[in-house]
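Participant: Show me the folded form of this:
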Amino acid sequence: MSETIELNGRRYRKPQRPTVVICVDGCDPEYLERGIPQGIFPTIGSFRREGYVGTADAVVPTFTNPNNVSIVTGAPPSVHGIAGNYYLDRDSGREIMMTDESLMRSETILALMARAGVRTAAVTAKDKLRKLLGRNLEGICVSSEYADAEIEALVGRGRPDMYSADLSLFVLDAGVALLERGMARLLYLSLSDYVQHAHAPGAPEADAFNRAIDDRVRRFVELGAVVGLVADHGMSDKARPNGEPNVIFLEDELNRRFGAGAVRVICPITDPFVRHHGALGSFVRVYARRAAEIPALMAASAELPGVALALDAANAAQQFELPLDRSRPLTPECRSIAAARRLRNYDIFDLALNGVE
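Facilitator: Residues are numbered from 1 along each chain as shown. Below you'll find the predicted structure:
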C-alpha cells in the first residue's frame with residue numbers, strides 16, 4: 001500500500017507519528033503576539049524554538065466554512081467550491097447555507113487518509129461544519145454542539161452550550177481522549193470563535209481561554225503527536241467608538257440610487273451563530289438585475305465611505321481564487337518549507353505531514 005495520498009496537485013505522507021491539526025477559529029495573530037511574551041502560551045510559544053511560528057494568509061471570504069474546507073482539501077475555494085457560509089443560487093433564486101457536502105467539488109485529505117488505512121477523526125465545535133468535514137470520511141466525525149452520549153462519555157462531561165468557551169475546549173478534550181485510546185492517528189479539530197468575537201487580545205476572558213488551549217496542546221505533545229495550529233480568519237473591530245455596529249446597508253444604498261430591485265445583496269458570513277458576529281463580515285456579494293449596470297454599481301459602491309474594494313465577478317474570482325459561478329463580491333474590506341513560499345492557512349497539512357522529520 002502506498003505511503004502517500006495525492007489530492008489537488010499535492011502528495012501527503014501518511015502520519016509518521018500521531019498528527020493533530022487544530023483550527024483555532026478567529027485566532028488573530030495579535031492573540032499570539034501579546035500572549036506568547038506574557039506566558040499565556042508556554043507550549044505554543046516553545047514552537048518558535050522547536051518548530052515554526054509564522055503568519056499565513058486565509059482564503060477570501062475569510063469565514064469559517066470556506067477556510068475550514070480549504071484547510072482539509074489543501075486548496076482554495078476555486079477548487080473546492082465552498083465560497084462562503086451562504087450564497088445565492090441564481091437558477092432558483094434561493095439563498096442557501098453552504099453546509100451540504102454535495103456543494104463540495106473536492107475530496108478531503110481526511111477522507112483519502114482514512115481510505116488509505118489511517119485511523120482518522122474530525123471533531124468540530126460547530127455542527128454546520130460536520131457534513132463538509134465528514135464528506136466521504138470513513139472514520140469519526142462529530143461536533144461538540146450535538147455530541148451524543150457516547151462522545152460525552154469519551155470526554156467525561158456533557159456537551160457544552162453553543163455560546164461558550166467550552167464548546168471549543170470540548171473539541172480539544174475529545175481529541176485528547178481519541179489519541180489516548182488509540183482511536184485516531186490523524187485528527188482535525190476545528191474550534192469556535194465565540195471567545196474571540198467577544199473578547200479582544202489581552203482581555204482576561206481571552207487570556208483564560210488561550211491558556212486552556214495551550215494546556216491541551218501540551219497534552220498532545222506529551223502524547224508524542226505532531227501538532228499544527230492554524231486559524232481560519234483573524235478578527236477586526238466592526239463597531240464605532242460608541243459601540244454601535246459600523247454597517248453599510250449596501251442593498252438599500254444601491255437600490256435607492258439605481259431603482260427598486262436593481263440589486264440583491266448577499267452576506268456570505270450569514271450563519272445560525274448570530275451572537276458571534278451579527279452577520280458583520282466586511283464582505284458581500286452583489287447580484288445585479290441588469291448586467292449593463294455593473295460598472296456603474298461598482299463605481300457607486302467604491303465611492304461609499306468605508307468601502308475598500310469593488311470588483312466584478314471575473315476579477316474577484318481571479319484575485320481571490322474563488323469559483324466564478326458562486327462569486328459575485330463587491331465590497332471586501334518546517335522552517336525551510338515555510339520560508340520558501342507565501343504561506344496559506346491551507347498549507348498546514350503539508351507542513352504537518354510532509355515538513356516534519
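
Participant: Every contact and neighbour count from this point should use C-alpha atoms.
Facilitator: Will do.

Participant: Show me what counts as buried in stretch 231-249.
Facilitator: Using 16 or more other Cα atoms under 10 Å as the test for burial, stretch 231-249 gives A231, D232, H233, G234, M235.

Participant: Ok, stretch 38-56 next?
Facilitator: Within stretch 38-56, the residues that count as buried by 16+ other Cα under 10 Å are I40, F41, P42, T43, I44, G45, Y52, V53, A56.

Participant: For it, report the contacting residues that lie outside it.
Facilitator: 29, 32, 35-36, 207, 210-211, 214-215, 217-218, 334-335, 342-345 (Cα atoms under 8 Å, 6 or more residues apart in numbering).

Participant: among the residues you listed, which are in helices?
Facilitator: Using DSSP state H, P29, L32, G35, D207, N210, R211, D214, D215, V217, R218, R335 are the members of the contacts of stretch 38-56 that sit in helices.

Participant: could you pull out the strands for the stretch 251-357 of the chain?
Facilitator: Secondary structure of the stretch 251-357 of the chain (DSSP state E, counting those that start in this stretch): strands at 263-266, 285-288.

Participant: which among the buried residues of stretch 231-249 gets closest to D252?
Facilitator: Distance to D252, by Cα to Cα, is smallest for M235 among the buried residues of stretch 231-249, at 26.2 Å.

Participant: in the chain, what spans have low per-residue confidence?
Facilitator: Along the chain, segments meeting pLDDT under 70 span 1, 235, 237-239, 268-281, 326-341, 357.

Participant: give me that answer again for 80
Facilitator: Flagging of the chain using pLDDT under 80 yields the residue ranges 1, 85-88, 90, 95-97, 234-246, 267-282, 324-341, 356-357.

Participant: Domains in it, by residue range?
Facilitator: Domain assignment for the chain by automatic domain parsing gives 4-236+334-354, 250-326.

Participant: residues touching A225, list them.
Facilitator: Taking Cα under 8 Å, 6+ apart, one finds R17, P18, T19, V20 in contact with A225.

Participant: now do A352
Facilitator: Neighbouring residues of A352 by Cα under 8 Å, 6+ apart: T19, V21, V226, V227, G228, C334.

Participant: Dump those into CSV; add secondary structure, distance to L110 and neighbour count as well.
Facilitator: Shown next, in CSV, are these (DSSP: H, G, I helix; E, B strand; the rest coil; distance: Cα to Cα, whole Å; neighbours: other Cα atoms under 10 Å):
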residue, secondary structure, distance to L110, neighbour count
T19, strand, 12, 25
V21, strand, 11, 23
V226, strand, 16, 20
V227, strand, 16, 20
G228, strand, 15, 22
C334, coil, 21, 17
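
Participant: ok, now how distant is N68 from Y194?
Facilitator: In this view, N68 and Y194 are 16 Å apart by Cα to Cα, to the nearest Å.

Participant: buried stuff in the helix or strand where E150 lies?
Facilitator: Per DSSP states H and E: E150 is located in helix 149-155. Across helix 149-155, burial judged by 16+ other Cα under 10 Å covers I151, E152, L154, V155.

Participant: okay if I get these as TSV plus distance to R11?
Facilitator: Formatted as TSV, these follow (distance: Cα to Cα, whole Å):
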residue	distance to R11
I151	32
E152	35
L154	33
V155	33
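
Participant: Can you classify the residue lying closest to A149 once chain neighbours are set aside as helix, strand or coil?
Facilitator: In space, and not counting its chain neighbours, A149 is closest to G158: 8.0 Å by Cα to Cα, 6 or more residues apart in numbering. Secondary structure, DSSP: H, G, I helix; E, B strand; the rest coil: G158 is coil.

Participant: G158 reaches E152, doesn't it?
Facilitator: Yes: the pair formed by G158 and E152 meets the contact definition of Cα atoms under 8 Å, at 5.2 Å.

Participant: which other residues reach stretch 112-128?
Facilitator: With contact meaning Cα under 8 Å, 6+ apart, stretch 112-128 is reached by 1-2, 5, 14, 99, 110-111, 130, 133-134, 137-146, 162, 167-168, 170-171, 174-175, 183-192.

Participant: how does it look with 7 Å?
Facilitator: With contact meaning Cα atoms under 7 Å, 6 or more residues apart in numbering, stretch 112-128 is reached by 5, 99, 110, 130, 133, 137-146, 167-168, 171, 183-192.

Participant: Which among those count as buried?
Facilitator: Buried positions within those, assessed by neighbour count (16+ other Cα under 10 Å), are 99, 110, 130, 133, 137-146, 167-168, 171, 183-192.
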